[in-house]
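*Asks:* sequence and predicted structure below; questions after.
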Amino acid sequence: MTVHQHAYDVGAFARYLRELAARLEPGRGWYGVFTRRDPEGMRSCLDGAEIPPWDVVESLLADLAALHGSGFAEQVSVRAAALYSAAAVAHDRRPGGRQELVHRLELMVREQTRAAERLRTAAAAGADPADPEAPSWAQDDLRRASARCTELRRRLAAVTVPQGWFREDGGAEAPEGAGVSAGERA
């Protein structure tokens, strides 16, 4: 895949995501939640600098279904999935993509642990009049963090070159950044 194709696939998905967001009501639904909780992250996804986790796209499609009907959202979701897959592959296979996935996975595992702890704390404390939705948010954060860990592991597996994939008899070398460390190639 060429650098141009990588940029095209990521750009096509970003345009699609912006068009999807334009059909939603700003500040409402999951789109509103995401822009309030992580405005910079949402902006970087809409700009094409980052690929959002699939659960974010699914949530935006749920917002679309609430506004325009489930039939319309189902049709749109087919194209969303195809564009998302191509963009994720392009994003992950660019130089440094594998290392970025490893870093994101480490962050998401920590987020999963924090969300599980918040959920345990909220369950043990019972209903808090100051924040009655805390258990629900902790549950949602845990569910999303778990799904994101699974997604990141799949994406990481797709860009990791299996050991022994390249000939060791002086034949083809693994290209730089192909997912194999220098020590594994020696």
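*Replies:* Received it, and whenever you're ready, just let me know what you need.

*Asks:* next one: stretch 107-119 to chain centre, how far?
*Replies:* With CA atoms, centre = their mean, to the nearest Å as the basis, stretch 107-119 stands 16 Å off its chain's centre.

*Asks:* name the residues of that stretch that are buried.
*Replies:* 108-109, 111-112, 115-116, 118-119 (16 or more other CB atoms under 10 Å). (Glycine included, C-beta is placed from N, CA and C.)

*Asks:* could you list the residues in contact with it?
*Replies:* For stretch 107-119, contacts defined as CB atoms under 8 Å, 6 or more residues apart in numbering pick out 134-135, 138-139, 141-142, 145-146, 148-149, 152.

*Asks:* let's see 7 Å
*Replies:* Stretch 107-119 is contacted from outside by 135, 138-139, 141-142, 145-146, 148-149, 152, using CB atoms under 7 Å, 6 or more residues apart in numbering.

*Asks:* hmm, which two among these are most spread apart?
*Replies:* 135 and 152 (25.7 Å; CB to CB).

*Asks:* any idea how far residue 44 is from residue 141?
*Replies:* 20 Å (CB to CB, to the nearest Å).

*Asks:* do residue 7 as well
*Replies:* Residue 7 is 33 Å from residue 141, where distance means CB to CB.

*Asks:* neighbour-wise, which of those two wins?
*Replies:* Using other CB atoms under 10 Å, the more surrounded residue of residue 7 and residue 141 is residue 141, with 18 against 13.

*Asks:* what's the longest helix in this protein?
*Replies:* helix 97-125 (DSSP state H).

*Asks:* how far out from the middle of the chain is it?
*Replies:* With CA atoms, centre = their mean, you get 14 Å for helix 97-125.

*Asks:* kindly report the same for stretch 133-152.
*Replies:* 13 Å.

*Asks:* go ahead and flag the most central residue of this structure.
*Replies:* residue 53 (1.9 Å; CA atoms, centre = their mean).

*Asks:* which residues does that one contact?
*Replies:* Neighbour list for residue 53: 148, 151 [criterion: CB under 7 Å, 6+ apart].

*Asks:* go with 8 Å
*Replies:* Residue 53 touches 144, 147-148, 151, counting by CB under 8 Å, 6+ apart.

*Asks:* ok, which pair from these is furthest apart?
*Replies:* Farthest-apart pair in the contacts of residue 53 is 144 and 151; separation 10.2 Å (CB to CB).

*Asks:* need the overlap of contacts for these two.
*Replies:* 53, 55.

*Asks:* ok, residue 12 touching residue 86?
*Replies:* Yes: using CB atoms under 8 Å, residue 12 makes contact with residue 86 at a distance of 7.3 Å.

*Asks:* how far is stretch 96-107 from where the chain is centred?
*Replies:* 11 Å.
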